[in-house]
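Undergrad: I'd like to go over a predicted model; first the sequence, then the structure.
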Amino acid sequence: MLMDYLTVQSAYHPVVIPGHNRWTCFSKLTGIPQLWTLDESGDPRLVMETEDRILNVKYAPQGNRAVIGMDHHGNEKQQLYIMHLVNPSTSLEVRTGSLVPLVQSLEHFHHIGGWSPDGRLLSYSSNRRNPAFFDIDIIDVDSRETRTLFQYDGNCVPLSWVDQDHLLIRIQETNLDNGIYLLDIHSDQQIRLGSDSSLARYESILTADQGRSGYVLTDAGEEALYIAKFDWDQPQHLHKLLAIPGWDIEEIALTADQTTLAFTVNQDGISKLGLLRPDTGEREMIEVLPEGVVDSLSWLNDYELIFALRSPVMPGDIWQYNRLNKELVRLTRIGHSDTVGSYWKQPQLHRYDSFDELSVPYFLYDQQSVPDGEKSAVIYVHGGPEGQTKAEYHPVMQYLVHQGFVVAAPNVRGSSGYGRTYIQLDDARKRMDSVQDLAWLVKALIRDHGVHPRKIGIMGRSYGGFMVLAAITHYPKLWAAGVDIVGISNLKTLLQNTGAWRRRLREYEYGSLAEHSDFFDEIAPLHHTANITAPLLVFHGRNDTRVPVSEAEQLVDDMKKRQQQVELIVFEDEGHQTERLENHITMHRKTVEFFNNHLR
């Protein structure tokens, strides 16, 4: 039955093809992320099969071609290709032999910006000049003539074109905050959006009024992201259109006639979808939407909105809402299962008070049929650390619940979605406060949900893997088993060995090598392996450019020298994510077996 849980697929990230009332989406139906569309009968059809995963697609304004980005074996070093389309309005075929390399440098990263309005130029950024710096280039797709527009000693990406002569670019200033600039491609002149004297987040920027104004999500001067309108004649002034007290507005999309903004609100990890008329402020919430997470908003035309929707009981599909007749339609049915779908459970949202009375939210899959005091539990910790566990499908969580485990997924301090103050509560020397949150969650599970104190395991991915290792080394008596997926065993060695392009931004979160090395040594799980009493299972990708595989190897080597119970599995064809279906199955099958062996 586990295989049925693990092989359930999803559809996600729909992208509209301009001018053709058609869209594509991503799915792993072939085993890795590829582009899909629907055939005449409404069934999913592969647009084009590629050897490696497709990370991104941007269609030209004329809808006759696209640029796609692919990496190799999960290394995230995206290379760009041109794909020519045939009959995009009807059958949507790819011209034979049309996948042509456009921007190639296998040792470097490339980020797609967008197409110029005439469909001739493409903007992108790359770190060819220096591994730590991203510069912005444009390429004439037909002649292949390339020109560097903007050099920046840091992380910089192009977003979109405003008109044939201007680009929007984003400069990442801290791990959270960024600046958005209007860049003249001829003079290199830049105009900054918002205040230049204070840091803020700027996301989901849209242009309007022929590029003279626009809309953006920002938290400038506030705790949470809100919708603001701006005018390039006075770019420092942001007019607040809509704020939802306490919650981030996460995404916006504007109709072509510029009369309606679609938006999503992240309310405790659950999305609310709404429509806003910017001219009047009139707002409408879409109440017919199933509870879950909504993203990738795109208007197919002025009245039909398409988006991706997923929930704990819906792995993910593409949906459409008609704002005229209020009709909601599920366009794909990839994210379902006839064999195990009826077993999927909705978690309940709870909160507990941590050591300093901070209220911490968590999703809980309880086991009402198991007597109190006898329940086994697994705590799942998200990555980031500025991530957030949301109301989404997770195959291993669902299978563990089916097997009789209680599963808790907390959003400890440092998580996104709860305001700027909350997200910064674990920065630098406050790092271990978030680990202490996990210890207090254990108390809540025992006290409030009848979990046996010696039957509690913990698992996490990426930074969540660090949290696993920190928990089992600093609070060893609480845990009966741990699973670390691409986790960090020492923040110092991570910062020394991670990609140069990430180091400066990660130091805003973790602390710097110059000022916090003593603290890194003090808290590093690698330096406290003698405390570990729980068996540990470790997974990593050989090609991980974010958290090098050395983070896993150094920890496991030390534990083996101490003859502690540990196993390391390295996937040679993966990076930071586990994308290939066969590896996904191996990892989760081992995880379930591991918890069954040690938490019963």
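TA: Noted; the coordinates are in hand.

Undergrad: domain assignment for the chain?
TA: Domain ranges of the chain: 201-344, 345-598, per automatic domain parsing.

Undergrad: Export those domains to CSV and append columns for distance to Asp137 and mean pLDDT.
TA: (C-beta placed from N, C-alpha, C; glycine too.) Putting the domains of the chain into CSV (distance: least, CB to CB, whole Å; pLDDT from 0 to 100) gives the following:
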stretch, distance to Asp137, mean pLDDT
domain 201-344, 21, 97
domain 345-598, 16, 96
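
Undergrad: Packed most tightly, which of the ones you listed would that be?
TA: domain 345-598 (a mean of 20; mean count of other CB atoms under 10 Å).

Undergrad: Between the two ends of that domain, what distance do you get?
TA: 24 Å (CA to CA, to the nearest Å).

Undergrad: One more: stretch 63-73?
TA: One end of stretch 63-73 to the other measures 30 Å (CA to CA).

Undergrad: Any chance you could list what contacts it?
TA: Contacts to stretch 63-73, defined as CB atoms under 8 Å, 6 or more residues apart in numbering, come from residues 17-20, 35, 50, 52-60, 77-85, 88, 99, 102, 106, 110, 112, 115, 119, 122, 141, 542-543, 572-575.

Undergrad: I'd like to know which of these are buried.
TA: 17-18, 20, 35, 50, 52-60, 77-85, 88, 99, 102, 110, 112, 115, 119, 122, 141, 543, 574-575 (16 or more other CB atoms under 10 Å).

Undergrad: Among those, which are located in strands?
TA: Among the buried ones among the contacts of stretch 63-73, the members falling in strands are 17, 35, 54-59, 79-85, 102, 110, 112, 115, 122 (criterion: DSSP state E).

Undergrad: could the domains of the chain be laid out in JSON lines, adding distance to Asp177?
TA: Converted to JSON lines, the domains of the chain look like this (distance: least, CB to CB, whole Å):
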{"stretch": "domain 201-344", "distance to Asp177": "6"}
{"stretch": "domain 345-598", "distance to Asp177": "9"}
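
Undergrad: so which of those comes closest to Glu173?
TA: domain 345-598 (8.8 Å; CB to CB).

Undergrad: residue ranges of the strands in the stretch 151-300 of the chain, please?
TA: Using DSSP state E, counting those that start in this stretch, the strands of the stretch 151-300 of the chain run over residues 155-163, 166-172, 178-184, 190-192, 202-208, 213-218, 226-231, 239-242, 248-254, 261-267, 270-276, 283-285, 293-299.

Undergrad: ok, the longest one: who's next to it in the sheet?
TA: In this case it means strand 155-163. Using DSSP bridges, the strands paired with strand 155-163 are strand 166-172 (antiparallel).

Undergrad: The fifth one too?
TA: For strand 202-208, the paired strands and their directions (DSSP bridges) are strand 213-218 (antiparallel).

Undergrad: which residues does the residue nearest the centre of the chain contact?
TA: Nearest residue to the geometric centre of the chain (CA atoms, centre = their mean): Gly387, 7.7 Å. Shown in contact with Gly387 (CB under 8 Å, 6+ apart): 415-416, 463-464.

Undergrad: In the residues you listed, find the pair that's most separated.
TA: Spatial extent of the contacts of Gly387 (CB to CB) is set by the pair Ser416 and Gly464 at 13.7 Å.

Undergrad: So for the two, which residues contact both of them?
TA: 384, 387.

Undergrad: Quick one: distance of stretch 510-522 to the chain centre.
TA: Relative to the chain's own centre, stretch 510-522 is displaced by 27 Å; criterion: CA atoms, centre = their mean, to the nearest Å.

Undergrad: Tabulate the CA atom coordinates of it in CSV.
TA: Below are the C-alpha coordinates for stretch 510-522, written out as CSV (Å, rounded to 0.1, in the frame of the first residue of the first chain):
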residue,chain,number,x,y,z
TYR,A,510,22.5,32.2,10.6
GLY,A,511,25.1,34.7,11.6
SER,A,512,28.4,35.3,10.0
LEU,A,513,31.7,33.4,10.0
ALA,A,514,33.5,36.5,11.1
GLU,A,515,31.3,37.2,14.2
HIS,A,516,29.6,33.9,15.1
SER,A,517,32.1,31.1,14.6
ASP,A,518,32.3,30.5,18.4
PHE,A,519,28.5,30.1,18.5
PHE,A,520,28.5,27.8,15.5
ASP,A,521,31.0,25.6,17.3
GLU,A,522,28.9,25.7,20.5
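
Undergrad: which outside residues touch that stretch?
TA: Contacts with stretch 510-522, where a contact means CB under 8 Å, 6+ apart, come from 427-429, 431, 490-492, 494-496, 507, 527.

Undergrad: Quick one: those as JSON lines, columns for distance to Arg283 too.
TA: Putting the contacts of stretch 510-522 into JSON lines (distance: CB to CB, whole Å) gives the following:
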{"residue": "Asp427", "distance to Arg283": "35"}
{"residue": "Ala428", "distance to Arg283": "39"}
{"residue": "Arg429", "distance to Arg283": "42"}
{"residue": "Arg431", "distance to Arg283": "40"}
{"residue": "Asn490", "distance to Arg283": "48"}
{"residue": "Leu491", "distance to Arg283": "43"}
{"residue": "Lys492", "distance to Arg283": "48"}
{"residue": "Leu494", "distance to Arg283": "44"}
{"residue": "Leu495", "distance to Arg283": "44"}
{"residue": "Gln496", "distance to Arg283": "49"}
{"residue": "Glu507", "distance to Arg283": "40"}
{"residue": "His527", "distance to Arg283": "53"}
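
Undergrad: okay if I get those as JSON lines plus distance to Thr280 and secondary structure?
TA: Shown next, in JSON lines, are the contacts of stretch 510-522 (distance: CB to CB, whole Å; DSSP: H, G, I helix; E, B strand; the rest coil):
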{"residue": "Asp427", "distance to Thr280": "41", "secondary structure": "coil"}
{"residue": "Ala428", "distance to Thr280": "45", "secondary structure": "helix"}
{"residue": "Arg429", "distance to Thr280": "48", "secondary structure": "helix"}
{"residue": "Arg431", "distance to Thr280": "47", "secondary structure": "helix"}
{"residue": "Asn490", "distance to Thr280": "55", "secondary structure": "coil"}
{"residue": "Leu491", "distance to Thr280": "50", "secondary structure": "helix"}
{"residue": "Lys492", "distance to Thr280": "55", "secondary structure": "helix"}
{"residue": "Leu494", "distance to Thr280": "50", "secondary structure": "helix"}
{"residue": "Leu495", "distance to Thr280": "50", "secondary structure": "helix"}
{"residue": "Gln496", "distance to Thr280": "55", "secondary structure": "helix"}
{"residue": "Glu507", "distance to Thr280": "45", "secondary structure": "helix"}
{"residue": "His527", "distance to Thr280": "60", "secondary structure": "helix"}
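
Undergrad: Just the helices from this protein, written as ranges.
TA: When secondary structure is read from DSSP state H, the chain shows helices at 2-6, 395-402, 420-423, 431-449, 463-474, 491-497, 500-510, 513-523, 550-561, 581-598.
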